[in-house]
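Undergrad: just need the structure, nothing else, for what follows:
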Amino acid sequence: MSYTTIDKPTDYFNTVLYTGNGASSRDITGVGFQPDFTWIKQRNGTFSHVLGNSVSGDNKFLTTNSSSAESTDSDKFRTFVSDGFQVGSHNGVNGSSNTYVGWSWLSGTTFTNDASSTGVGNLDSAGSASDISGLSVVTYTGGTGSAATIKHGLSSAPKMMWVKPLSGSGVWLVYHKDLPIKGQLQLQSSDAAYSHSGNIYWNGTHPTSSVFSIGTSGAVNASENYVVYCFADVKGYSKIGSYSGNSNADGIFVYTGFKPAFIITKASTTGQSWQLYDTKRNPFNQSNKVLFPNLNYAEQDDSSAAAIDILSNGFKQRVNDAGGNGSGNDYIYMAFAESPFVTSTGIPTTAR
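TA: Now for the predicted structure:
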């Protein structure tokens with residue numbers, strides 16, 4: 001039995017903690033690879049989240065807690081380097097004596113799809129994709145006036161997607177496999193998932209192993225450029241799913257099949273903030289240090305409001321709180337591995 005295809009998850013995802021020094025150009029190393037997607041957040045202050053990717057290119061970034069257009073600013077995100085990423089002097093990424101976290105992913109192989117030539121989708125796309133890590137970062141231009149299909153670059157269907165217009169202000173739409181197909185969440189919002197009467201977002205169609213679908217909404221199909229982060233399940237490395245809360249300090253256990261390094265959750269049936277945990281900021285259980293992708297808040301450390309145990313094969317909610325474990329509330333999540341539960345050679349992971 002094959003437990004995983006990735007024995008060393010840090011070859012594809014890694015978290016780095018660092019303290020700022022105010023330098024105008026600084027390489028943040030220790031990632032272990034040259035990323036294609038990096039997400040940075042100041043931990044001890046309220047500057048916005050900063051997301052850069054190799055498809056958009058140097059000096060460009062978006063923020064999850066805002067619907068603002070993509071910005072160009074070399075004082076924030078600058079570029080990727082062989083063992084990490086480069087930042088400028090801005091207090092949001094490198095202020096002297098401030099503390100930061102950077103999460104980085106590898107997608108790997110670039111692609112360009114001329115839909116009329118390849119017959120894959122009916123709208124051109126370009127990006128970077130890896131079947132090994134189950135990640136693709138895709139760009140396309142909308143404005144078709146009708147529903148469209150777009151190549152995502154993976155050979156398995158994405159289970160979660162984040163879509164954001166680049167050239168104009170527009171919301172982050174979130175597709176998740178366990179939400180109604182006419183529904184969606186927003187990454188910059190605490191709102192519960194909501195559905196539209198028509199198929200204006202995903203055209204009433206789940207992604208396939210080659211394409212994803214968009215409807216006619218301007219959130220996904222206006223006459224402008226879009227970026228899409230596509231995430232697929234990879235056994236022993238990444239897991240995208242859902243659970244129901246029980247309002248119990250001895251909370252719900254969520255099986256992932258690996259020891260998570262990174263967990264992001266969101267209540268889908270009630271208005272609660274997104275919650276983000278990782279094992280670098282939380283090296284021991286209980287894991288109380290939480291950041292909120294939809295908010296610019298500093299890192300919170302309050303075991304009465306947000307706390308989980310990160311285990312060898314999943315995670316367990318440890319508080320009675322609507323943000324992550326409210327009775328009768330449904331939640332979606334995405335997790336990436338620190339180590340597989342059992343390696344490809346049959347070696348089990350130890351608990352922490």
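
Undergrad: so which residues of the stretch 1-150 of the chain form helices?
TA: 91-94, 115-118 (DSSP state H, counting those that start in this stretch).

Undergrad: and the first one, what does it pack onto?
TA: Counting contacts by 3 or more Cβ pairs under 8 Å, 6 or more residues apart in numbering; DSSP states H and E, the secondary-structure elements packed against helix 91-94 are strand 37-42. Where C-beta positions appear, they are placed from N, C-alpha and C, glycine not excepted.

Undergrad: export stretch 327-342 to PDB, keeping only CA atoms.
TA: C-alpha atoms of stretch 327-342 as PDB (Å, rounded to 0.1, in the frame of the first residue of the first chain):
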ATOM      1  CA  SER A 327     -22.100  23.300  17.400                       C
ATOM      2  CA  GLY A 328     -24.000  22.800  14.200                       C
ATOM      3  CA  ASN A 329     -21.600  24.900  12.200                       C
ATOM      4  CA  ASP A 330     -19.800  23.500   9.100                       C
ATOM      5  CA  TYR A 331     -16.200  24.300   8.300                       C
ATOM      6  CA  ILE A 332     -13.900  23.900   5.400                       C
ATOM      7  CA  TYR A 333     -10.100  23.500   5.700                       C
ATOM      8  CA  MET A 334      -6.900  23.000   3.700                       C
ATOM      9  CA  ALA A 335      -3.800  21.500   5.200                       C
ATOM     10  CA  PHE A 336      -0.200  20.800   4.100                       C
ATOM     11  CA  ALA A 337       2.100  18.200   5.700                       C
ATOM     12  CA  GLU A 338       5.100  18.500   7.900                       C
ATOM     13  CA  SER A 339       5.500  14.700   7.500                       C
ATOM     14  CA  PRO A 340       3.400  11.800   6.200                       C
ATOM     15  CA  PHE A 341       1.600   9.600   8.700                       C
ATOM     16  CA  VAL A 342       3.500   6.700   7.200                       C
END
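
Undergrad: what about that stretch, average pLDDT?
TA: For stretch 327-342, the mean pLDDT works out to 87.

Undergrad: kindly report the same for stretch 270-285.
TA: For stretch 270-285, mean pLDDT is 96.

Undergrad: okay, the helices of the stretch 1-150 of the chain in TSV with mean neighbour count and distance to residue 54 next?
TA: Formatted as TSV, the helices of the stretch 1-150 of the chain follow (neighbours: other Cβ atoms under 10 Å; distance: least, Cβ to Cβ, whole Å):
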stretch	mean neighbour count	distance to residue 54
helix 91-94	24	17
helix 115-118	12	22
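
Undergrad: show me the one of those that comes nearest residue 278.
TA: Minimum separation from residue 278 across the helices of the stretch 1-150 of the chain (Cβ to Cβ) falls at helix 91-94, 17.5 Å.
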